[in-house]
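Colleague: Can you look at this prediction? I've put the sequence above it.
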Amino acid sequence: MTAYVAEGVERIRRESPLVHNVTNLVAMTLSANVLIAAGASPIMSAAPEEAGDLAAMSGALVVNIGTLTAPWIAGARAAVEGARGARRPWVLDPVGVGATAFRRETAVALVALQPRIIRGNASEILALAVGGVAGKGVDSTAGTMDASDAARALAARTGAVVAVTGAVDLVTDGTRTLAVANGHELLTRTTASGCALTALIGAWAATLQDPLAATAGALAAYGIAAERAAARAQGCGSFVAALLDALGELDGATAATLARIT
Amino acid sequence: MTAYVAEGVERIRRESPLVHNVTNLVAMTLSANVLIAAGASPIMSAAPEEAGDLAAMSGALVVNIGTLTAPWIAGARAAVEGARGARRPWVLDPVGVGATAFRRETAVALVALQPRIIRGNASEILALAVGGVAGKGVDSTAGTMDASDAARALAARTGAVVAVTGAVDLVTDGTRTLAVANGHELLTRTTASGCALTALIGAWAATLQDPLAATAGALAAYGIAAERAAARAQGCGSFVAALLDALGELDGATAATLARIT
Amino acid sequence: MTAYVAEGVERIRRESPLVHNVTNLVAMTLSANVLIAAGASPIMSAAPEEAGDLAAMSGALVVNIGTLTAPWIAGARAAVEGARGARRPWVLDPVGVGATAFRRETAVALVALQPRIIRGNASEILALAVGGVAGKGVDSTAGTMDASDAARALAARTGAVVAVTGAVDLVTDGTRTLAVANGHELLTRTTASGCALTALIGAWAATLQDPLAATAGALAAYGIAAERAAARAQGCGSFVAALLDALGELDGATAATLARIT
């Protein structure tokens, strides 16, 4: 049942898909290092002059609104157009979407451009589903289960696979829903760990055909790496390096054994 | 006498204040991780479209001019207006203020918008106090004590609490002056460690009423974490993770015991 | 024969040259920390209002096109003008130059402004030499030796020292060519490790007169630190901190002993 977890881990390492990231300023370095640790090849650019070209030559595009600005929005739109023109999947991370009207409007406009996958915490998915509930900053104040109906409705309405990450992650395409129970609390104490996970989903979306399996596989692989990293880390600081170490050494068989996807 | 150190450490962890950062590109990730390690909830945005809203909903705002640009200045101004409108304290870090006319003019204009707290190294506070002494880049070429008169004058003139950080830190509101002797030399070998300290001061300013106590408490907590991190680190690289680990595990009683505030 | 390696390591620590960086968003923090670990003093700014002033007051300028935008290009040009006006050396890192027309045109225009040193991977130097071969993203798909003729031609045409980094690095001024065999595979699994190396070359260029020796010395010192870091690291994540630790403790005698420059 989790054969695709092994397949995804191994194929990303073997095929090294190029993943284009139009992402936020806090998440750039960690996102790039997570992609490299998993075996993918990251590129980062939000320049409208080239973001479309880069997205079109990449296996997938990741758009993250974490530190959005007007020029960044132009770059994100160019990238999405490039990805769609080349029929590449793109993944949306609506960071802090409930916090301001600026984020809400930007996220709603991006959702209309048909992301293959949307990943957020419960507050973000709740806000996105109804188009306006205010969250507190970028950290979730709601539980994953609170957002399950919203996630299913958002998936059904948009055609995207929707992932709600938290203590247990939910992944749904509106009809099928998976739960992924891997992960560790230290992820919540690392800035941009969710953003970097979305980048990793991009690598999986570039590699596996089925977006539901790709998303669940990425969540499981990242969560397993977090569990193993937590066992070695001294705290929230050393956890980051340990997470990359663990992701870098993860093989397909181990991932399939440890994945808790139901 | 240092009861407020224990109170600050514990209350930040319990209340998790939202701290909005309009900061520089080098400092973003470390600042966010320092805030999270201490128990606060960071948000980062310099977009004029939302910076005011974010500052108004946050417990405090931190403005750091480290990699300023014209659009960034517009975002910083919007954020400061939002903070002032909502009567939230804001903290200014005038990185490299003596280095160029662009930084000097920007910092002087920001000081006129009444920050509650200003933190810099000796060169920066000296430059800011007289409005123009050139420093060498962003690292201090003057000692903390050289800047004590300048700090007091700046505090008296602006109404802000002024912190000069160095081997021994000074904190003054123009009449009362405290010295904080915690810290470690490895902080000077970590980029953006001063900027991240300013972000932490933001969390303290959001939590404790008295800006002098808040600033001294933040300096002591950060310095204690640095001392403990240095004992575990192998050098300037591993020090960063160890600093976050130490900050993440610091409790109020330990902080009050180890604080060297006079 | 490698006396300049010892001299460079020691003088950078003693003289602490200011190095101005107009660099990409992914590389900022690591570049600054590499410069600090080696003993230099980094400053980062791409604001046209001040980049020229900062470059003119610095010992060297480093320009890296990794996340270029139109405003960034204006800042880079101002910085290069400042460096040239003050007769300071400047170093170009043409990240991903073959990937898009935007990068190609920007890099070609920058090369015309006479960098003292150009560092790239084989794909980048090949693309720059002919002005247009497409590479795959920012990672090299060609070997160092494939690019040796291109490097020599580029050096001869531009007057710059050209470094091609890979398993074995090549450094050439068009007539003399050195090979530097230090380094470790984990560098390829760390984002921005090449960008940070270019920043380090800036510190060496600010310190040693001969750009060929400065470049080879920087490559050797960085490669030695990587070798020692790899022996301590648990994987690609812990390698980053170990690299900074190793760079921070490297002394001139050790560097001269371990350098493999031929």
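Modeller: Done, it's in.
Colleague: What mean pLDDT does the longest helix seen in chain A get?
Modeller: If you go by DSSP state H, chain A has its longest helix at helix A:211-232. Helix A:211-232 carries an average pLDDT of 98.
Colleague: interface residues of chain A facing chain C?
Modeller: Neighbours of chain C within chain A, by Cβ under 8 Å from any Cβ of the partner chain: A:18, A:25, A:28-29, A:32-33, A:36-37, A:41-47, A:49-50, A:53-54, A:57-58, A:71, A:232, A:240-249. Yep, even glycine has a C-beta here, placed from its N, CA and C like the rest.
Colleague: related to what we said a few turns ago, which helices and strands sit right next to the longest helix of chain A?
Modeller: Applying 3 or more Cβ pairs under 8 Å, 6 or more residues apart in numbering or on different chains; DSSP states H and E, one finds that helix A:211-232 makes contact with helix A:3-15, strand A:117-121, strand A:161-165, strand A:169-172, strand A:177-180, helix A:193-205, helix A:238-249, helix A:252-258.
Colleague: pLDDT averaged over the first one, what's the number?
Modeller: The reference is to helix A:3-15. Helix A:3-15 comes out with an average pLDDT of 97.
Colleague: hey, C-alpha coordinates of the helix or strand that it is followed by in PDB?
Modeller: Tracing the chain past helix A:3-15, the next element assigned as helix or strand by DSSP states H and E is strand A:18-22. Output in PDB follows, covering the C-alpha atoms of strand A:18-22 (Å, rounded to 0.1, in the frame of the first residue of the first chain):
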ATOM      1  CA  LEU A  18      14.500  20.400 -11.000                       C
ATOM      2  CA  VAL A  19      12.100  22.200  -8.700                       C
ATOM      3  CA  HIS A  20      11.500  25.900  -9.200                       C
ATOM      4  CA  ASN A  21      10.600  27.900  -6.100                       C
ATOM      5  CA  VAL A  22       8.900  31.200  -5.900                       C
END
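Colleague: what's the average pLDDT for strand A:18-22?
Modeller: Here the average pLDDT along strand A:18-22 is 98.
Colleague: And for stretch A:52-64?
Modeller: The average of the pLDDT scores along stretch A:52-64 is 98.
Colleague: hmm, it in reach of chain B?
Modeller: No - Stretch A:52-64 does not reach chain B (Cβ under 8 Å from any Cβ); its nearest approach is 12.5 Å.
Colleague: How far off centre is the longest helix of chain A?
Modeller: Relative to the chain's own centre, helix A:211-232 is displaced by 11 Å; criterion: Cα atoms, centre = their mean, to the nearest Å.
Colleague: which sections of the stretch 1-150 of chain A are below the confidence cut-off?
Modeller: In the predicted model of the stretch 1-150 of chain A, residues A:1, A:132-141 satisfy pLDDT under 70.
Colleague: what about the strands in it?
Modeller: In the stretch 1-150 of chain A, the segments counted as strands under DSSP state E, counting those that start in this stretch are A:18-22, A:41-44, A:60-64, A:90-93, A:117-121.
Colleague: Pick out the residue of chain A closest to chain B.
Modeller: Per Cβ to the nearest Cβ, A:Gly237 is where chain A lies closest to chain B, at 2.7 Å.
Colleague: got the contact list for that residue?
Modeller: Taking Cβ atoms under 8 Å, 6 or more residues apart in numbering or on different chains, we find A:Gly237 in contact with B:Asn33, B:Ala37, B:Val240, B:Ala241, B:Ala242, B:Leu243, B:Leu244, B:Asp245, B:Ala246, B:Leu247, B:Gly248.
Colleague: hmm, back to that, list the buried residues in the longest helix of chain A.
Modeller: Using 16 or more other Cβ atoms under 10 Å in any protein chain shown as the test for burial, helix A:211-232 gives A:211-230.
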